[in-house]
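Trainee: quick one: sequence plus predicted model below, questions after.
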4 protein chains.
Amino acid sequence: MSDDPTRSRKTAAVQRPAGPPWRVKMHDVIFESDTPAGMWFDVALLIAILCSVVVVSTETLPSYEGSSTLYRIEWLLTILFTIEYVARLICARHPIRYAVSFWGIVDLLSILPTYAGLILEGSGSFVILRSIRLLRVFRVLKLWRMMDDADELSHAVWKARHKVVVFLIVVLVAVTISGTLMFFIENQLQRVLAKGDTAPPASQFSSIPQSMYWAIVTMTTVGYGDIVPQTTVGKFISAALILLGYSLIIVPTGFVTAELKSSDTDRESEPSVPCPRCETRGHRADAVYCFRCGQRL
Amino acid sequence: MSDDPTRSRKTAAVQRPAGPPWRVKMHDVIFESDTPAGMWFDVALLIAILCSVVVVSTETLPSYEGSSTLYRIEWLLTILFTIEYVARLICARHPIRYAVSFWGIVDLLSILPTYAGLILEGSGSFVILRSIRLLRVFRVLKLWRMMDDADELSHAVWKARHKVVVFLIVVLVAVTISGTLMFFIENQLQRVLAKGDTAPPASQFSSIPQSMYWAIVTMTTVGYGDIVPQTTVGKFISAALILLGYSLIIVPTGFVTAELKSSDTDRESEPSVPCPRCETRGHRADAVYCFRCGQRL
Amino acid sequence: MSDDPTRSRKTAAVQRPAGPPWRVKMHDVIFESDTPAGMWFDVALLIAILCSVVVVSTETLPSYEGSSTLYRIEWLLTILFTIEYVARLICARHPIRYAVSFWGIVDLLSILPTYAGLILEGSGSFVILRSIRLLRVFRVLKLWRMMDDADELSHAVWKARHKVVVFLIVVLVAVTISGTLMFFIENQLQRVLAKGDTAPPASQFSSIPQSMYWAIVTMTTVGYGDIVPQTTVGKFISAALILLGYSLIIVPTGFVTAELKSSDTDRESEPSVPCPRCETRGHRADAVYCFRCGQRL
Amino acid sequence: MSDDPTRSRKTAAVQRPAGPPWRVKMHDVIFESDTPAGMWFDVALLIAILCSVVVVSTETLPSYEGSSTLYRIEWLLTILFTIEYVARLICARHPIRYAVSFWGIVDLLSILPTYAGLILEGSGSFVILRSIRLLRVFRVLKLWRMMDDADELSHAVWKARHKVVVFLIVVLVAVTISGTLMFFIENQLQRVLAKGDTAPPASQFSSIPQSMYWAIVTMTTVGYGDIVPQTTVGKFISAALILLGYSLIIVPTGFVTAELKSSDTDRESEPSVPCPRCETRGHRADAVYCFRCGQRL
């Protein structure tokens, strides 16, 4: 596994610092989760992050707006995250490199908005900045033992990337053509057919972008129902498009599944050592003797 | 199969009682389904449970509220379930252990609400207690021959548990970020853009929790349509989020499928011929020598 | 393939009749699709069935109600189907056995409603009888060469039947518990909370059956939006139920897929003849020599 | 790979022309993407196509209707596409054959509508013609290196075509029967039950085609909610139909997935070492002798 570039890069980024023993120990607690202290730190951080998310969300509810309790919890959490940020800066091997890394910026962005709120009054537009704090959930995530699965997932997605690009282009083309078609049928055709007579009811397919939004909502089977065909022709065409789009969009599932499965197979069969006598491969991981010639492995 | 911890624990919980033969026979009828009498008992119980569910549900329909027929059926079923509960208490090997077990509590809870309704008048809040009676369906289920499939299903889910946790965290993060983003765009941005002018129409994304509810409803492709983006930017962003979320949420299907398949493979390779010397199983179909001891097969 | 019970039974049902040559030939045209005449008959029948479906459907459109053109096409098709039914009766080996078979009854039901319309005036309730005519599509279907795929599909479904039963019970329990829970939260709880004050708005979760309908619509991700939670608690619970139900209901896909795959594997690996010298199996279908020992197969 | 009929046909269509060197070079730039110039041409074309799509879509937004900026960009793009079309005509080996080929007609149709708009004033009905320009996206697509994946996808779909036909027929039958059933229950039955009394509320299942549209929208789990059952019986039947339809429509996913997987396996086994005597590939990983000629590998 040591030749996995992703992991080795990550490991390099959180190397043990040189320096006094307290700094090394602090580093282990904050950046690693092997020791009990490190694990407790991760759990505490996870709880703090979840609390922070709940506070940020609850503040936007009309009945909790301007609540002083939430305000105090918010400040408490911000101070805790500030201490954490300073501690990471102190015990990282390369403080500057940490500060400009992805996670360093996320850590900084997770405390800045609250302080900025002190200076600027109209802090409404900072709500988006605060949401970046959520990215810290990933940080704790990557330290855990379920990391192999996350790696496997991202590996499968990575292996299927070309197919995903092909899929996205196909979706884009399908959405554009369907959208234009439905705009033509539901909007333009109606105007042509209703010429002179009473004005037709305002179609919900008011423009091509609107129709493309409808096509995406429909093809992914979300189907809000805020935009629906109202003419018989429109319903017929959209029923056909639904069946087509449904088949089309359900295929890529197979791609990632196929990649997951083949990576499973690779993992199982690859680390098998060949038999020293007959060079056969494909032994079980717990094999002691070659299944073909009986030679001790 | 006898080394499966789940099954052996279950078997231990319903051990045959010591005592007079009628108690042993009664135990076999109630707790086992191997004998004809045991099977008929299970079928009768299943029908009683389904009747009970139908009665509880129908009582809430306005046209059937306070129906005396339903009231009588309800009491008949409650008395039957009471007899069953007492019978289980009598013939269980460890009555106390049964009474405090999960299924013992479920059995008790399935009869208590009706009796409580006699004492307390406002029995409206007991409707939830009654619904626990449904858990008894699982009890009958586990005695049936389709049990292997249920085991296999739970086994596959259990093997994929780390991936499910990763998936849930990913969904949580995606939902929080999408929700906050849409709240920002549909609510905050609209207020900023419409300053001074006519008040903007009340956005359906009234708070972050509401937006997160929208994000879950959308990403799982349920798409009620009670909350939909109304601005052009919001529609554009939500179309992108739908495509992203759709790809994201469809991946875990592959996980469980993959686990199911690999457990299938395990099962298939198991019934291979055991090694004549060390009794090991799990040889490749084309193996000539035992992989464990090197004995010729 | 001759040991497949489904196919052999079907073949037996359409055996060649004894009798004059014209009857045998007519039988081949009507019941088989190997000859050119038989294939043309099938295609003509397919077109007639599709026309009939279109006519039956179109008749219910307000603008086409009582159309004399449709009336004439309907009678033309009915006469054609009558001729076909009589022809099948004449050339079947066992006319009585055909008449009481599934397809015989379907054939009869596809012509009766139109004649019944002559006698009875209020033919509105016969629309359902006419729709049975659609079952004839399956008849043509089974004669075609894509039959192997239909067999494979039904075989996979059949092999997964125990899992499907488990799945349906799980869905039933999940739907009942979710429905009751949401009925309790959205309806009962609201009434308790709003006591004395202004009457709460009429909840859409008016009864447990209604809530169970909501649960099915939601868990299958159909999500009409005619019933949606309106309280904050209800939205929170339903978001959790959606995630749970989504995971729950998506699992069985894997079952059938897994069955399809394993039946694929079975088919590929089974017909391999073992090597006459070393008894190795697993040769390619087009192998001429044993891959292990080089022996000619 | 050279024996793939699809690819060899395509290669034949864009053969290098005879003639002066500039024509050959121009051909390489326009029709191939191996050279840097060819790749830049493709990228430029892709950007132009995307711009064109954005312009066509934006023109239909009420706030941008008749915008002179969009008008100018439109003309600029049309002139560019015209130059491209003429260039393709000049450097194609068989200009006539190119002009009447699928892509030649697409190229022509992508420039004609704008010119036609000059002559005809009411250019509203040409919006559909313009949308054909989108098909050009596929042209660029096929030149790229992700082509293998597109081939694989279309190959899997092609291999599953019989199953897709079976699936479509099954869907058609299911939709027609469900639609007719729901039309009968929600519309006809209501009229019968409400005879004499107050007129029943207008059912949303106004005709069989409308009900079939509902069935497609429901079975694909799109679920707009514009047509929903309103009677208790209708809700019960539609809940059953949803569960049935859901299981039914989700099966074909497995088909394509299965095809994808088996084609994956084919590909993986292909790059094995060829037989030194007969050059055959596709040996098992553990093969010792060539399966075709018996030569030791």
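Mentor: Alright, I've got the coordinates.
Trainee: distance check, the closest residue to residue A:233 other than its chain neighbours against residue D:215.
Mentor: Nearest residue to residue A:233 in three dimensions, chain neighbours excluded: residue A:185, at 5.5 Å (Cβ to Cβ, 6 or more residues apart in numbering or on different chains). C-beta: built from backbone N, CA, C; applies to glycine. Distance from residue A:185 to residue D:215, counting by Cβ to Cβ, to the nearest Å: 21 Å.
Trainee: in terms of neighbours, single out the busier of the two.
Mentor: A count of neighbours by other Cβ atoms under 10 Å in any protein chain shown puts residue D:215 above the other of residue A:185 and residue D:215, at 28 against 22.
Trainee: what about the more buried one? Give its phi and psi, please.
Mentor: Note on residue D:215: backbone dihedrals following degrees, to the nearest 10 are phi -60, psi -40.
Trainee: that one is in contact with residue D:178, isn't it?
Mentor: Yes - between residue D:215 and residue D:178 there is a contact under Cβ atoms under 8 Å: 4.3 Å.
Trainee: what do these two both touch?
Mentor: Contact criterion Cβ atoms under 8 Å, 6 or more residues apart in numbering or on different chains; residues shared by residue D:215 and residue D:178: D:241, D:245.
Trainee: circling back: ok, the residue nearest to residue A:233 to chain C distance?
Mentor: 18 Å (Cβ to the nearest Cβ, to the nearest Å).
Trainee: what's the pLDDT at that residue?
Mentor: Reading off the confidence values, residue A:185 has pLDDT 82.
Trainee: residues near residue A:108, how many?
Mentor: The number of residues packed near residue A:108 is 16, by other Cβ under 10 Å.
Trainee: how much space separates it from residue C:244?
Mentor: 37 Å.
Trainee: same thing with residue A:32?
Mentor: Per Cβ to Cβ, residue A:32 is found 34 Å from residue C:244.
Trainee: try residue A:92
Mentor: Noted for residue A:92: a distance of 40 Å to residue C:244, by Cβ to Cβ.
Trainee: these two: which has the busier surroundings?
Mentor: Taking neighbours as other Cβ under 10 Å, residue A:92 and residue C:244 compare with residue A:92 leading, 22 against 13.
Trainee: spatially nearest residue to the more buried one, not counting backbone neighbours?
Mentor: residue A:98 (3.9 Å).
Trainee: could you tell me the end-to-end distance of stretch A:101-116?
Mentor: 22 Å (Cα to Cα, to the nearest Å).
Trainee: ok, is that stretch in contact with chain B or not?
Mentor: No - taking Cβ under 8 Å from any Cβ of the partner chain as the criterion, stretch A:101-116 and chain B are apart, separated by no less than 12.0 Å.
Trainee: and that stretch, which residues are buried?
Mentor: By 16 or more other Cβ atoms under 10 Å in any protein chain shown, the buried positions in stretch A:101-116 come out as A:103-104, A:106-114.
Trainee: mind checking which of those are in helices?
Mentor: A:103-104, A:106-109, A:112-114 (DSSP state H).
Trainee: closest one of the residues you listed to residue B:49?
Mentor: residue A:106 (51.9 Å; Cβ to Cβ).
Trainee: grab the nearest non-local neighbour of residue A:208.
Mentor: Nearest residue to residue A:208, sequence neighbours excluded (Cβ to Cβ, 6+ apart): residue D:57, at 4.0 Å.
Trainee: repeat for residue A:186
Mentor: Nearest non-adjacent residue to residue A:186, counting by Cβ to Cβ, 6+ apart: residue A:205, 4.1 Å away.
Trainee: helix or strand for that neighbour, just tell me which one.
Mentor: Using DSSP states H and E, residue A:205 is not contained in any helix or strand.
Trainee: need the pLDDT of the closest residue to chain C within chain A.
Mentor: Nearest residue of chain A to chain C, counting by Cβ to the nearest Cβ: residue A:225, 5.6 Å away. Residue-level confidence at residue A:225 comes out at 89, pLDDT.
Trainee: next one: the one 4 residues further on
Mentor: pLDDT recorded at residue A:229 is 91.
Trainee: just the helices in the stretch 1-150 of chain A please.
Mentor: Along the stretch 1-150 of chain A, the segments classed as helices by DSSP state H, counting those that start in this stretch run A:5-13, A:21-31, A:36-58, A:68-91, A:95-100, A:102-109, A:112-119, A:127-131, A:136-143, A:147-159.
Trainee: for stretch A:93-112, what is the average pLDDT?
Mentor: 80.
Trainee: how about the ones in helices among the buried residues of stretch A:101-116 in JSON lines, adding distance to residue A:63?
Mentor: Shown next, in JSON lines, are these (distance: Cβ to Cβ, whole Å):
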{"residue": "A:103", "distance to residue A:63": "35"}
{"residue": "A:104", "distance to residue A:63": "37"}
{"residue": "A:106", "distance to residue A:63": "31"}
{"residue": "A:107", "distance to residue A:63": "32"}
{"residue": "A:108", "distance to residue A:63": "32"}
{"residue": "A:109", "distance to residue A:63": "28"}
{"residue": "A:112", "distance to residue A:63": "28"}
{"residue": "A:113", "distance to residue A:63": "23"}
{"residue": "A:114", "distance to residue A:63": "22"}
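Trainee: would you format those as JSON lines with distance to chain D included?
Mentor: Shown next, in JSON lines, are these (distance: Cβ to the nearest Cβ, whole Å):
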{"residue": "A:103", "distance to chain D": "32"}
{"residue": "A:104", "distance to chain D": "35"}
{"residue": "A:106", "distance to chain D": "32"}
{"residue": "A:107", "distance to chain D": "37"}
{"residue": "A:108", "distance to chain D": "36"}
{"residue": "A:109", "distance to chain D": "32"}
{"residue": "A:112", "distance to chain D": "35"}
{"residue": "A:113", "distance to chain D": "34"}
{"residue": "A:114", "distance to chain D": "38"}
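Trainee: now for the residues you listed, which pair is the farthest apart?
Mentor: For these, with distances taken as Cβ to Cβ, the pair at the greatest spread is A:103 and A:114 (19.0 Å).
Trainee: could you measure from whatever residue of the stretch 51-200 of chain A ends up closest to chain D over to residue D:56?
Mentor: Chain D sits closest to residue A:180 of the stretch 51-200 of chain A, with a gap of 3.8 Å, by Cβ to the nearest Cβ. As judged by Cβ to Cβ, residue A:180 and residue D:56 stand 8 Å apart.
Trainee: which of those two has more neighbours?
Mentor: residue A:180 (25 against 21).
Trainee: just the element for that one, please.
Mentor: Per DSSP H and E: residue A:180 is located in helix A:161-183.
Trainee: my guess is residue A:60 contacts residue B:208, does it?
Mentor: Yes - at 4.5 Å, residue A:60 counts as touching residue B:208 under the criterion of Cβ under 8 Å.
Trainee: between these two, which one's more packed in?
Mentor: Set residue A:60 next to residue B:208 and count neighbours by other Cβ under 10 Å: residue B:208 wins out with 27 against 23.
Trainee: got the contact list for that one?
Mentor: A:56-57, A:59-61, A:127, B:179-180, B:183.
Trainee: go with 10 Å
Mentor: The contact partners of residue B:208, by Cβ atoms under 10 Å, 6 or more residues apart in numbering or on different chains, come to A:53-54, A:56-61, A:127, A:130-131, B:176, B:179-180, B:182-184, B:187, B:215.
Trainee: narrow those residues to those that are buried.
Mentor: Neighbour-count burial (16+ other Cβ under 10 Å) applied to the contacts of residue B:208 gives A:53, A:56-61, A:127, A:130-131, B:176, B:179-180, B:182-184, B:187, B:215.
Trainee: span of stretch A:100-116 from start to end?
Mentor: From its first residue to its last, stretch A:100-116 covers 20 Å (Cα to Cα).
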